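Q: I'll drop the sequence and a predicted model, then ask my questions.
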Amino acid sequence: FLFGKVDDRDPVGVLRESGFGVEFPNYIVDVQKDAKTGEYTEAIQFQCLERGGVRVFEGINYLSRSPTMTEAELKAMHGRAENAGMVPYGAGEDQMHTNER
């Protein structure tokens with residue numbers, strides 16, 4: 001179970017998420033919107049948790065409101081993650097896996 005909240009003390013684009021007994025910053029790296037409705041259609045999130053100066057967890061989530069994505073849509077998300085400098089943290093195509101819905 002995860003719960004998210006916005007803390008006014010955090011920089012813009014950070015959602016505090018808690019789950020599994022831990023709270024961590026969830027950085028909203030990229031958002032895509034529907035041109036007609038303005039509704040969010042895709043997002044890329046990055047989580048990083050450090051303890052004692054040591055990174056103990058990092059996670060990258062590609063989120064889409066569509067239950068299926070084309071190969072081109074997924075490649076576009078990889079490209080936006082690469083442009084955001086996330087490949088060293090595991091966002092490369094060869095470093096990720098997909099979860100079927």
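A: Received, thanks.

Q: give me the number of residues near the nearest residue to residue 98 once chain neighbours are set aside?
A: Using C-beta to C-beta, 6 or more residues apart in numbering and skipping the chain neighbours, the partner closest in space to residue 98 is residue 74 (7.5 Å). The C-beta positions use only the backbone N, C-alpha and C, and glycine is treated the same way. Using other C-beta atoms under 10 Å, residue 74 is surrounded by 15 other residues.

Q: Residue 74: helix or strand, and which one exactly?
A: Counting by DSSP states H and E, the secondary-structure element that holds residue 74 is helix 71-83.

Q: hang on, the residue nearest to residue 98 packs against residue 68?
A: No. Judged on C-beta atoms under 8 Å, residue 74 makes no contact with residue 68 at a distance of 10.3 Å.

Q: least trustworthy helix or strand in the chain by mean pLDDT?
A: Scoring the helices and strands of the chain by mean pLDDT, DSSP states H and E places strand 2-5 at the bottom, with a mean of 72.

Q: got the buried residues for it?
A: Across strand 2-5, burial judged by 16 or more other C-beta atoms under 10 Å covers no residue at all.

Q: What is it packed up against?
A: strand 14-19 (3 or more C-beta pairs under 8 Å, 6 or more residues apart in numbering; DSSP states H and E).

Q: This completes my enquiry, with thanks.
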